[in-house]
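J.: generate coordinates for the sequence data below:
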Amino acid sequence: EEDSYFNFERFKKVVKEAVIYLNEVLEEGIPLHPLEGQRESVSNWRSIGLGIMGLSDCLIKMKIRYGSEESLKFLDKLGKIMVNTSLQQSALLAKELGTFPKYKEEETLNSTFLKSIGTEKTKNMIKKYGLRNNSLLSVAPTVIISNLCEVFGGIEPIFKTSYIRKTESLHNEEKEYKVFTPIIKEVMKKENIKSEDNLPEYVTDAHKLDYIERIKVQSVWQKYTDASISSTVNLDNSAPIEDIKDL
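T.: Residues are numbered from 1 along each chain as shown. Model (predicted):
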C-alpha cells in the first residue's frame with residue numbers, strides 16, 4: 001500500500017515471545033541429545049538462535065529497494081530493536097530462573113558487543129539480573145520454513161523474480177512450470193503488471209543486485225548478531241576473480 005509501515009511494537013512483542021519459546025524448546029531438548037558432552041554444553045551455555053526471514057518481502061511491501069540506503073537505515077533500526085529486546089527478555093528469564101551456569105558478570109558487561117549495541121536499559125537490566133543465554137541471535141537459512149510461509153529466507157534478497165520448476169510425477173511425464181516468487185506475484189496483481197520486465201524499481205533480486213550492496217546489508221545486520229549468519233552472495237558466472245577477491 002502507499003501508506004505501508006512496519007509495526008515495531010508488534011515486532012518487539014513477537015521477539016519477546018520467541019525468546020521465551022526458544023528457551024522452552026532448549027529445555028525440552030536437553031535430555032534428548034545423544035552425548036553427555038552435548039547435554040553439558042547446552043545446559044552450561046544455553047545458547048539459542050533467534051533469527052529472521054521474510055526481510056526482502058518486507059522491504060518490497062514498504063516499497064524499499066533491498067540494498068538501498070533507505071533499506072540500510074531501516075535494517076539498522078530493526079536490528080537494534082531485535083537485539084536489545086532479546087537481551088532484555090533473556091535478563092527477565094534470568095531474574096525468574098537464574099543465569100546460565102557459565103555466566104560471568106564482568107566479562108559480559110565489558111564485552112565489546114554489549115558496549116556497542118546495548119541501550120542503557122538493556123545494560124542496566126543485565127547488570128541487575130544477568131542473562132539466561134550465552135548467545136541469542138543467529139541467522140539460519142530458514143529454507144523450508146520460509147517456503148511454508150511463502151517468504152524468502154534469512155536476510156537474503158529474493159533469489160529470482162521467477163524461475164522454472166519441473167515435475168515428473170504430477171502428470172506421469174516431465175513438465176515444466178514458470179513460477180513467480182509469491183511476493184512478486186502479489187506486486188504484479190496489485191500494480192496490474194502483466195510482465196516481470198515492468199516491475200517497479202524497488203523490486204530487485206540476487207542476480208540484479210550489486211554485490212557491494214549485498215555486503216552492506218549483511219554488515220548492518222551482523223552488528224546486531226552475537227552468533228552466526230548464513231549468507232549467500234550471488235554473482236554472474238562471468239564475474240572476474242577480482243570481484244570475488246573484493247567481495
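
J.: which residues of this protein fall in strands?
T.: For the chain, applying DSSP state E gives strands covering 162-167, 175-180.

J.: for Thr204, find the nearest of those strands.
T.: strand 162-167 (13.6 Å; CB to CB). (C-beta placed from N, C-alpha, C; glycine too.)

J.: report all helices and strands that that closest one contacts.
T.: With contacts taken as 3 or more CB pairs under 8 Å, 6 or more residues apart in numbering; DSSP states H and E, strand 162-167 sits against strand 175-180.

J.: pLDDT (mean, whole number) over the strand it packs on?
T.: Across strand 175-180, pLDDT averages out at 89.

J.: buried set for it?
T.: Phe180 (16 or more other CB atoms under 10 Å).

J.: circling back: for the strands of the chain, give me a markdown table that also has distance to Gln88.
T.: Formatted as a markdown table, those follow (distance: least, CB to CB, whole Å):
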| stretch | distance to Gln88 |
| --- | --- |
| strand 162-167 | 41 |
| strand 175-180 | 40 |
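
J.: so which of those gets nearest Gln38?
T.: Nearest to Gln38, of the strands of the chain and by CB to CB, is strand 162-167 at 38.1 Å.

J.: tell me where the protein has helices.
T.: In the chain, the helices defined using DSSP state H lie at 8-29, 36-45, 55-61, 69-97, 105-109, 112-117, 120-129, 143-149, 182-190, 211-222, 241-246.

J.: pick the most buried one from those helices.
T.: Mean neighbours per residue, mean count of other CB atoms under 10 Å, is largest over these for helix 55-61, with a mean of 23.

J.: got any ranges where this structure has weak pLDDT?
T.: Low-confidence segments of the chain (pLDDT under 70): none present.

J.: spatially speaking, which residue is in the middle of this structure?
T.: Nearest to the geometric centre of the chain sits Ile52, at 2.5 Å (CA atoms, centre = their mean).

J.: surely Asp205 is in contact with Glu156?
T.: No: if you go by CB atoms under 8 Å, Asp205 and Glu156 don't touch, sitting 9.9 Å apart.

J.: more crowded one of these two?
T.: Glu156 (26 against 22; other CB atoms under 10 Å).

J.: my read: that one touches Ile229, true?
T.: No: counting by CB under 8 Å, Glu156 sits too far from Ile229 to count as a contact (10.4 Å).

J.: could you tell me the end-to-end distance of stretch 182-198?
T.: Stretch 182-198 has an end-to-end distance of 17 Å (CA to CA, to the nearest Å).

J.: what do you get for stretch 145-160?
T.: First-to-last residue span, stretch 145-160, CA to CA: 18 Å.

J.: likewise stretch 35-55?
T.: Span of stretch 35-55 from end to end, CA to CA: 36 Å.

J.: residues in contact with that stretch?
T.: The contact list for stretch 35-55, computed with CB atoms under 8 Å, 6 or more residues apart in numbering, reads 15, 18-19, 22-23, 26, 29-31, 33, 66, 75, 82, 86, 100-102, 132-140, 142, 145-146, 149, 151-156, 221, 227.

J.: equivalent analysis for stretch 221-238, please.
T.: Under CB under 8 Å, 6+ apart, the answer for stretch 221-238 is 47, 49, 52, 75-76, 79-80, 82-83, 113, 116-117, 135-141, 154-156, 159, 206-207, 209, 211, 214-215, 218, 243-244, 247.
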